[in-house]
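Q: please find the sequence and the predicted model below.
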Amino acid sequence: MRFRASIALVAAVSLLLLATAPAVAAADNSTQPMPIANQTQTERIDENTVLLHSEYSATDGVARITLRSETLQTILVSDAGRFTQGGKIPVRGDVLRPGDTATIELPVTEVDGYVGVAISTDATPMYAEILQQPTGDGLDILKALSSLQAWLAGAFVAFVWFAIAGWQVLRREGGRPEVAS
């Protein structure tokens, strides 16, 4: 009967730990970069502006943004990674006439595997374009656990191994532990 109670306790604790794991696993903290798949498709920023192409060159640390305008307007592109650092943010801009296409190059900052730019037009004050994002390497949950969660997970794993070892000893001894003499 005690064995069943300990199994129920192990199951309850494991369910408790697993219930908190999805939220922690959802936090993707890896720093391995992954390019965004739709960088060659066009995106409409607003009714007058189309993002034709965006790319990031990791060797140069430069973002290249190709835009087309259907009206006369000023387009500004800034480094989104610098928003996390504060201070002055480098901005590059261009005045586009109707039907013009322009490629704007801007040095960008990589933050935790993310690279992005902010695009401002006359109709859209701020538009975010993610050029690169991190990928998961399978161990993200270990990086995202708090120290208390990691301690509880380690204690749980140790308890499970003790329970398995105890069950194996009882199984080998026919269900009754032998008393040492």
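A: Structure received. This is a predicted model, so every value here is computed, not measured.
Q: quick check: phi and psi at residue 162.
A: The phi/psi pair for residue 162 (degrees, to the nearest 10) reads phi -60, psi -40.
Q: so how far is residue 148 from it?
A: Distance, residue 162 to residue 148, by CB to CB, to the nearest Å: 21 Å. For every residue, glycine as well, the C-beta is placed using N, CA and C.
Q: and if you look at residue 135?
A: Taken as CB to CB, the span from residue 135 to residue 148 is 27 Å.
Q: quick one, strands of this protein?
A: 32-35, 43-46, 49-57, 62-69, 73-79, 91-96, 101-107, 115-120, 127-135 (DSSP state E).
Q: so what are the domain limits for this protein?
A: 2-28+138-172, 32-135 (automatic domain parsing).
Q: let's have those in TSV, adding mean pLDDT and mean neighbour count.
A: Below are those laid out as TSV (pLDDT from 0 to 100; neighbours: other CB atoms under 10 Å):
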stretch	mean pLDDT	mean neighbour count
domain 2-28+138-172	71	12
domain 32-135	85	16
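Q: can you add distance to residue 179 and give the ones you listed back as TSV?
A: Listed next are these as TSV, based on distance: least, CB to CB, whole Å:
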stretch	distance to residue 179
domain 2-28+138-172	13
domain 32-135	56
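Q: wait, which of those is closest to residue 180?
A: Smallest distance to residue 180 across those (CB to CB): 12.7 Å, for domain 2-28+138-172.
Q: show me what residue 128 is bridged to.
A: In this structure, residue 128 bridges to residue 118 when assessed by DSSP bridges.
Q: for the residue nearest to residue 82 when sequence neighbours are not counted, what are its contacts?
A: Leaving out its chain neighbours, the residue that sits closest to residue 82 by CB to CB, 6 or more residues apart in numbering is residue 89, at 4.5 Å. The neighbours of residue 89, taking CB atoms under 8 Å, 6 or more residues apart in numbering as the test, are 78-79, 82-83.
Q: wait, residue 45 touches residue 127, no?
A: Yes: using CB atoms under 8 Å, residue 45 is in contact with residue 127, at 4.9 Å.
Q: shared neighbours of these two, anything?
A: What both residue 45 and residue 127 touch, as defined by CB under 8 Å, 6+ apart, is the set 119, 121.
Q: distance of the residue nearest to residue 82 relative to residue 81?
A: Residue 89 is 9 Å from residue 81, by CB to CB.
Q: hang on, isn't residue 90 packed against residue 76?
A: No: counting by CB under 8 Å, residue 90 does not reach residue 76; the two are 10.7 Å apart.
Q: so what sits opposite residue 103 in the bridge?
A: residue 66.
Q: distance of it from residue 147?
A: Counting by CB to CB, the gap from residue 103 to residue 147 is 47 Å.
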